[in-house]
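*Asks:* fold the following.
(chains A, B and C)
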Amino acid sequence: MGLIRLALGALALAFAAATPAKDKFITVASTTSTEQSGLFKHLLPIFEKKTGIQVRIVAVGTGQALDIGRRGDADVLLVHAKPLEEKFIAEGYGVKRQDVMYNDFVLIGPKSDPARVAGSKDVVAAFQRIKDAQAPFVSRGDRSGTHFAELEMWKLAGIDIAKEKGAWYRDTGQGMGPALNTAAAMNAYILSDRGTWLSFKNRGELAIAVQGDRRLFNQYGVMLVNPARHPHVKVAMGQQLIDWLLSAEGQQAIADYKINGEQLFFPNAGS
Amino acid sequence: MNAIAEGLRRVLELDRELWHIVALSLEVSLSAVLIATTLGLPLGAALAVKRFRGRRGVIVVLNALMGLPPVVVGLLVYLLLSRAGPLGELGLLFTPGAMIIAQSVLVLPIIAALARQALEDAWREYEEQLRSLGAREFTAALTLIWDARFSLVTAVLAGLGRAAAEVGAVMIVGGNIDGVTRVMTTAIALETSKGDLPLALGLGFVLIALVLALNAAAQLVKETAERRFG
Amino acid sequence: MAASILPLVLEDVAYAPRGQPLVRGISLTIEAGPSTIILGANGAGKSVLMRLMHGLLAPTSGRVRWHEVDAASLRRRQAMVFQRPVMLRRSALANVVYALAIAGVPAAEREAQARAALEEVGLRHVAQRPARVLSGGEQQRLALARAWALHPEVLFLDEPTANLDPGAVREIETVIKAFDAAGTKIVMATHNLGQARRLGDEVIYLQAGRVMERSPIDDFFAHPATAEAAAFMKGELPWA
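*Replies:* Down below sits the predicted model:
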């Protein structure tokens, strides 16, 4: 009997420890790459200390993040797919779209470089060469911001990838990390955001092949979910987060975030 | 072997964060099993004892539901609890409450179906005697549950194993929010997707150790009680 | 004093669950008083007949009628002991208490009555032992205690000693005789001729689901009225 009492006591303790006691919180839908870069772990404590608001990040693919916003299951969206964001606003699901920061994509590839693109500054030409060489290429395939950026590159190269792909093109339907794992295992090319790449530990034979092309810049936008559509949205607190992100203090906090001394995100609010 | 040692070392570094993740995993899965047991045992008993038209069909469906894919359950519960869904008013999405609901749905058929099987076997032995004593169906069902409690523990443990191990349901309805809805399985999935395999492995071993400990404790209680009551 | 539930009347009772009759054409009256033995070979239908009388089975045709009593108290006033005792996973005492609880005995009185029942069958010393670890003979005595704790008017026994060793058989028969002496009507099914002789006052001989013969015990053994009964007795060892 004593054993059972002990077990129940431990259980009660576990419950108490696990249940978050916060009432003051907002839900923000963002992307996996942003969360996995570690940016939120750096930013949010600053915001919470200043305002007492707990920010709960649901990190999913951009497509799903926007869907969460449409359903009203989040208060604020922070994603990086400008055309989709503008459509979101136009359809009345969001209040206003504002630039927050940008980071860039990098084209990762095997050191053996079968498509001969390493060191190039022209990412579109690189994509063309990859297709011509039929070099293995891993795609996210998950309607994420990175996936849309990749599709944009093929389009710019004049390639209808849906029709012209072959066995060399691997559509995985995974997040950035798993996709990089797959690319490392296959020694394939892959488009990645810089943040995830910098934190990625399982590199194998992979390295950055192409970077710095303006077309690789990845713009982040922040939006408040429309309270007219979803009356329960926490407007005041959500707006506090947005205002802070766009403020001098927030923008500086973003710039301060570094991995191995390298800055990941470049604030550009109001630009 | 190195990866395992490395993983365990990294896991021990996490201390406070890890403690929170483990505590939440326990809270969610144990709560779900509690709910599923409270509903599932009477359901299993009723199916074992009562004869009615369509009984075989219900049993077949219940057995089939044991194999419900967690990710499908997660999706259905998500649609239910979303603000755009019928139960959106409750504001349960992306909270531990939603995870408990999803896991309860997942585990209920397991406990009910396994209980039904164990209790049907027991009923074969007890039916005549209990009816002879004048026990009505409801009393008989309760007596059956209590008398078969040792084989029912196995059913409950099966449910607990399922709950503790699944990631599909809690990921979708919980959102894997850092510090709020992150449990062991979703943490493992996250670290894997980040490419941090040693840490993922370390967390995996903690999870296995946890489930082992729970099973060992249950076995101990079972054996002690068996000695006392035959 | 409440009216007796006896006599029990069976009117042309048959039991044919899947078309094939296991017993048929059973018309008899069970009166208070003499211990009734239902005698027959294995498969004759003794167990089915017992269960029809006790109420565990409903006849597919015909009627089983007790003497004017309401259904609620009927359960209390006739009990049955089976060939294999089924005990709950709890102490011997708790098993008897359980039966009392089901019968609606007030909680405060249950333990005392249960202890008295255990005393009657000589099981007081194992009251706290888990019932399922008792020997076969002890469990059957416990079943008798449980059945008798409610002081039923009629006690049905379906081959209660078929699985027991001779020592245990003797113990059970002693208890049954004591209940008989205390006024309980005994109806017992057996294929054991010696036991029938020791415990019975009258015999109902069953064969292939039909009642072949019914007579006082001595008459039956001295002059079986039917050829079937005579054949049955020749096949059995008289001192079994």
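*Asks:* please count neighbours and contacts with C-alpha atoms only from this point.
*Replies:* Noted.
*Asks:* what about the residue lying farthest from the centre of chain B, distance to chain A?
*Replies:* The centre of chain B is farthest from one residue, residue B:132, which by Cα atoms, centre = their mean lies 36.4 Å away. Computed as Cα to the nearest Cα, to the nearest Å, the residue B:132 to chain A distance reads 34 Å.
*Asks:* correct me, but that residue touches residue C:80?
*Replies:* Yes. Contact criterion Cα atoms under 8 Å: residue B:132 and residue C:80 qualify, at 6.7 Å.
*Asks:* residue A:170 belongs to a strand?
*Replies:* Yes. Counting by DSSP: H, G, I helix; E, B strand; the rest coil, residue A:170 is part of a strand.
*Asks:* tell me the contacts of it?
*Replies:* Residues counted as contacts of residue A:170 (Cα atoms under 8 Å, 6 or more residues apart in numbering or on different chains) are A:136-139.
*Asks:* so for it, what's the nearest residue that isn't a sequence neighbour?
*Replies:* Of all residues not flanking residue A:170 in the chain, residue A:138 sits nearest, at 4.7 Å (Cα to Cα, 6 or more residues apart in numbering or on different chains).
*Asks:* for that neighbour, grab the count of nearby residues.
*Replies:* 23 (other Cα atoms under 10 Å in any protein chain shown).
*Asks:* now do the one 3 residues further on
*Replies:* Applying the criterion other Cα under 10 Å, we find 18 residues in the vicinity of residue A:141.
*Asks:* cool, residue C:75 as well?
*Replies:* Neighbours around residue C:75, by other Cα under 10 Å: 18.
*Asks:* would it count as being in a helix?
*Replies:* Yes. If the criterion is three-state DSSP, then residue C:75 is within a helix.
*Asks:* surely it touches residue B:133?
*Replies:* Yes. If you go by Cα under 8 Å, residue C:75 and residue B:133 touch, sitting 7.4 Å apart.
*Asks:* list residues touching both of residue B:132 and residue C:80?
*Replies:* By Cα under 8 Å, 6+ apart, the residues touching both residue B:132 and residue C:80 are residue C:54.
*Asks:* check which helix or strand the residue farthest from the centre of chain B maps to.
*Replies:* Assigned by DSSP states H and E, residue B:132 belongs to helix B:96-133.
*Asks:* give me the contacts around whichever helix or strand comes after that helix.
*Replies:* Later in the chain than helix B:96-133, the nearest helix or strand by DSSP H and E is helix B:137-147. With contacts defined as Cα under 8 Å, 6+ apart, helix B:137-147 is touched by B:41-42, B:45-46, B:49-50, B:119, B:122-123, B:126, B:130-131, B:152, C:88-89.
*Asks:* list the buried ones in helix B:137-147?
*Replies:* Within helix B:137-147, the residues that count as buried by 16 or more other Cα atoms under 10 Å in any protein chain shown are B:137, B:140-141, B:143-145, B:147.
*Asks:* just the C-alphas of the helix-or-strand element of chain C with minimal mean pLDDT, formatted as CSV.
*Replies:* Every helix and strand of chain C was ranked by mean pLDDT, DSSP states H and E. The lowest is helix C:71-77, at a mean of 78. The C-alpha trace of helix C:71-77 is given here as CSV (Å, rounded to 0.1, in the frame of the first residue of the first chain):
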residue,chain,number,x,y,z
ALA,C,71,-38.8,-13.5,-8.1
ALA,C,72,-36.7,-11.3,-5.9
SER,C,73,-36.6,-13.6,-2.9
LEU,C,74,-36.7,-16.8,-5.0
ARG,C,75,-33.0,-16.3,-5.7
ARG,C,76,-32.2,-16.2,-2.0
ARG,C,77,-34.1,-19.3,-1.1
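*Asks:* re earlier: would the helix holding residue B:132 count as contacting chain C?
*Replies:* Yes. Using Cα under 8 Å from any Cα of the partner chain, helix B:96-133 comes into contact with chain C via B:125-126, B:128-129, B:131-133.
*Asks:* who does that helix touch, helix- and strand-wise?
*Replies:* Judged by 3 or more Cα pairs under 8 Å, 6 or more residues apart in numbering or on different chains; DSSP states H and E, helix B:96-133 is in contact with helix B:2-49, helix B:55-65, helix B:70-81, helix B:137-147, helix B:149-165, helix B:168-174, strand C:78-81.
*Asks:* residues in contact with the one residue in chain C that gets nearest to chain A?
*Replies:* Among all residues of chain C, residue C:90 sits closest to chain A, at 16.7 Å; criterion: Cα to the nearest Cα. Applying Cα under 8 Å, 6+ apart to residue C:90 gives the contacts B:229-230, C:130-132.
*Asks:* ok, now residue C:53?
*Replies:* residue C:64.
*Asks:* okay, it and residue C:80: tell me how far apart.
*Replies:* In this view, residue C:53 and residue C:80 are 10 Å apart by Cα to Cα, to the nearest Å.
*Asks:* one more: residue A:191?
*Replies:* For residue A:191, the distance to residue C:80 - Cα to Cα - is 80 Å.
*Asks:* up against chain B, what does chain C have?
*Replies:* So chain C meets chain B at C:54, C:56, C:75-76, C:79-80, C:82, C:86, C:88-91, C:99, C:102-103, C:130-133 (Cα under 8 Å from any Cα).
*Asks:* one more pass at 7 Å, please.
*Replies:* Residues of chain C lying close to chain B (Cα under 7 Å from any Cα of the partner chain) are C:56, C:75, C:80, C:86, C:88-91, C:99, C:102, C:130, C:132-133.
*Asks:* now the two most distant members of those residues.
*Replies:* Spatially, the most separated pair among the residues of chain C next to chain B is C:75 and C:133, at 28.4 Å (Cα to Cα).
*Asks:* include pLDDT when you put the residues of helix B:96-133 next to chain C into CSV, please.
*Replies:* Formatted as CSV, these follow (pLDDT from 0 to 100):
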residue, pLDDT
B:125, 94
B:126, 95
B:128, 94
B:129, 95
B:131, 93
B:132, 94
B:133, 93
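*Asks:* which among the residues you listed count as buried?
*Replies:* Neighbour counting by 16+ other Cα under 10 Å classes B:126, B:128-129, B:132-133 among the residues of helix B:96-133 next to chain C as buried.
*Asks:* ok, the residues of chain C next to chain B vs residue C:26, which is closest?
*Replies:* Among those, and counting by Cα to Cα, the member closest to residue C:26 is residue C:56, at 16.7 Å.
*Asks:* what about the closest one, which SS state?
*Replies:* The three-state label given to residue C:56 by three-state DSSP is coil.
*Asks:* can you tell me the closest non-neighbouring residue to it?
*Replies:* residue B:132 (6.7 Å).
*Asks:* now do residue B:6
*Replies:* Among residues not flanking residue B:6 along the chain, residue B:198 sits closest, at 6.1 Å (Cα to Cα, 6+ apart).
*Asks:* quick revisit: which neighbours do residue C:75 and residue B:133 share?
*Replies:* Listed contacts common to residue C:75 and residue B:133 are nil; contacts here mean Cα atoms under 7 Å, 6 or more residues apart in numbering or on different chains.
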